[in-house]
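Engineer: Next come a sequence and a model predicted from it.
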Amino acid sequence: MANKEIDELSGIETTGHEWDGLKELNNPLPKWWVWTLYATIIWSIGYILLYPALPWFGGPTKGLLDWSSRGAVRQELKAARAEQQTLWDRIETADLAEIRADPKLLEFAMASGKAAFGDNCAPCHGSGAAGLTGYPNLNDDDWLWGGTLEDIKTTISVGVRAVHDETRDNAMPAFGRDGILDKQQILDVAGFVRALSGQATKGANLDDGAIIYAEQCVSCHGEDGRGNQELGAPNLANGIWLYGGGTQDVVVSIASSRNGVMPSWDGRVEPTVIKALTVYVHSLGGGL
């Protein structure tokens with residue numbers, strides 16, 4: 001500019017540029033800011049050369065250090081798999097009690113068991129293992145076949161009424177369908193069974209039901225109705241019902257039987273995974 005113009009309000013020289021009456025002040029950036037900008041430009045050039053940023057003649061973007069985030073992830077995964085394999089090897093040789101007693105093995109088994117449960121067991125037992133009608137709640141202390149570590153492992157391995165030579169199997173007769181009891185007798189024994197947990201049943205003769213129970217049911221469920229885990233016979237006195245505890249539910253169970261099926265996981269998942277599942281299920285709150 002030939003003639004300097006000073007802005008009246010700020011006292012700063014203008015650049016001579018004007019837009020719609022607005023004049024630009026000649027107010028340059030601070031030196032430190034400018035030098036910081038130059039430094040970042042120089043740093044970015046170094047970054048481009050050392051790390052993957054621009055394609056090199058149509059080839060893969062690697063940079064002079066031959067580093068990539070994908071390669072770094074591969075290395076991390078490889079290291080993680082190696083560490084996991086070490087833990088899996090230890091689980092393979094350890095018994096269940098040893099896994100429970102070793103904090104690192106327990107932590108790994110719990111995490112692996114939870115993942116395996118979500119993949120294989122949650123569709124029936126629910127993501128929180130609370131179960132559904134016909135599918136046991138794994139969070140309580142009511143176990144048809146026992147709730148110790150070994151009991152749970154066996155049940156997971158061989159299943160219940162599954163295709164396995166050693167599967168858990170004890171079928172309840174269909175007292176109505178097979179003509180063993182008539183409708184009134186079924187109602188009477190259903191009323192007696194419900195009374196064991198403090199429930200009343202309209203139209204049922206409890207005295208007759210007690211006689212029928214003693215004749216037909218006591219050998220599996222016991223005189224006090226508390227069941228027999230060796231036979232997978234449910235406890236009828238605790239108010240926990242796998243198929244529902246209403247009168248009609250109990251009547252259907254007696255008349256037609258239920259005999260649900262749980263698959264055998266032996267051969268479907270690795271033995272080490274069965275151990276991890278066992279430890280996880282045992283920890284849910286119902287383990288003994």
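Structural biologist: Here it is on my side, so go on.
Engineer: other SSEs contacting the biggest helix by length in the chain?
Structural biologist: If you go by DSSP state H, the chain has its longest helix at helix 69-93. Applying 3 or more Cβ pairs under 8 Å, 6 or more residues apart in numbering; DSSP states H and E, we find helix 69-93 packed against helix 103-120, helix 271-283. In this view, the C-beta of every residue, glycine as well, is placed from N, C-alpha and C.
Engineer: buried set for the longest one?
Structural biologist: So the one you mean is helix 103-120. With burial defined by 16 or more other Cβ atoms under 10 Å, the residues of helix 103-120 counted as buried are 105, 108, 109, 110, 112, 113, 114, 116, 117, 120.
Engineer: Got the phi and psi for residue 49?
Structural biologist: Torsion angles at residue 49 (phi, psi; degrees, to the nearest 10) stand at phi -70, psi -40.
Engineer: Show me where this structure has its helices.
Structural biologist: Assigned by DSSP H, the helices in the chain fall at 31-50, 69-93, 96-101, 103-120, 122-125, 149-158, 183-195, 206-216, 218-221, 247-256, 271-283.
Engineer: got any ranges where this protein has weak pLDDT?
Structural biologist: Along the chain, segments meeting pLDDT under 70 span 1-2, 56-61, 286-288.
Engineer: Domain-wise, how is it divided?
Structural biologist: As given by automatic domain parsing, the domain ranges for the chain are 1-67, 73-162+271-283, 183-256.
Engineer: right, and residue 13 touches residue 6 too?
Structural biologist: Yes. Assessed by Cβ atoms under 8 Å, residue 13 is found in contact with residue 6 at 5.7 Å.
Engineer: so what's the residue nearest to the spatial centre of the chain up against?
Structural biologist: What sits nearest the mean C-alpha location of the chain, by Cα atoms, centre = their mean, is residue 118, with 3.8 Å. For residue 118, the contact set (Cβ atoms under 8 Å, 6 or more residues apart in numbering) comprises residue 127.
Engineer: Same list (the domains of the chain) but as a markdown table, adding distance to residue 263.
Structural biologist: Formatted as a markdown table, the domains of the chain follow (distance: least, Cβ to Cβ, whole Å):
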| stretch | distance to residue 263 |
| --- | --- |
| domain 1-67 | 47 |
| domain 73-162+271-283 | 5 |
| domain 183-256 | 16 |
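Engineer: nearest to residue 170, of the ones you listed?
Structural biologist: Among these, the nearest to residue 170 by Cβ to Cβ is domain 183-256 (4.8 Å).
Engineer: And that closest one, how far out from the chain middle?
Structural biologist: In terms of Cα atoms, centre = their mean, to the nearest Å, the centre of domain 183-256 is found 34 Å from the chain centre.
Engineer: Span of that domain from start to end?
Structural biologist: One end of domain 183-256 sits 12 Å from the other (Cα to Cα, to the nearest Å).
Engineer: Next: stretch 221-231.
Structural biologist: 9 Å.
Engineer: what do you get for stretch 190-210?
Structural biologist: 10 Å.
Engineer: Sort out which residues of it are buried, please.
Structural biologist: Buried residues in stretch 190-210 (16+ other Cβ under 10 Å): 190-196, 201, 204-206, 208-210.
Engineer: just so I know, which of the domains of the chain lies nearest residue 262?
Structural biologist: Closest to residue 262 of the domains of the chain, according to Cβ to Cβ: domain 73-162+271-283, at 4.1 Å.
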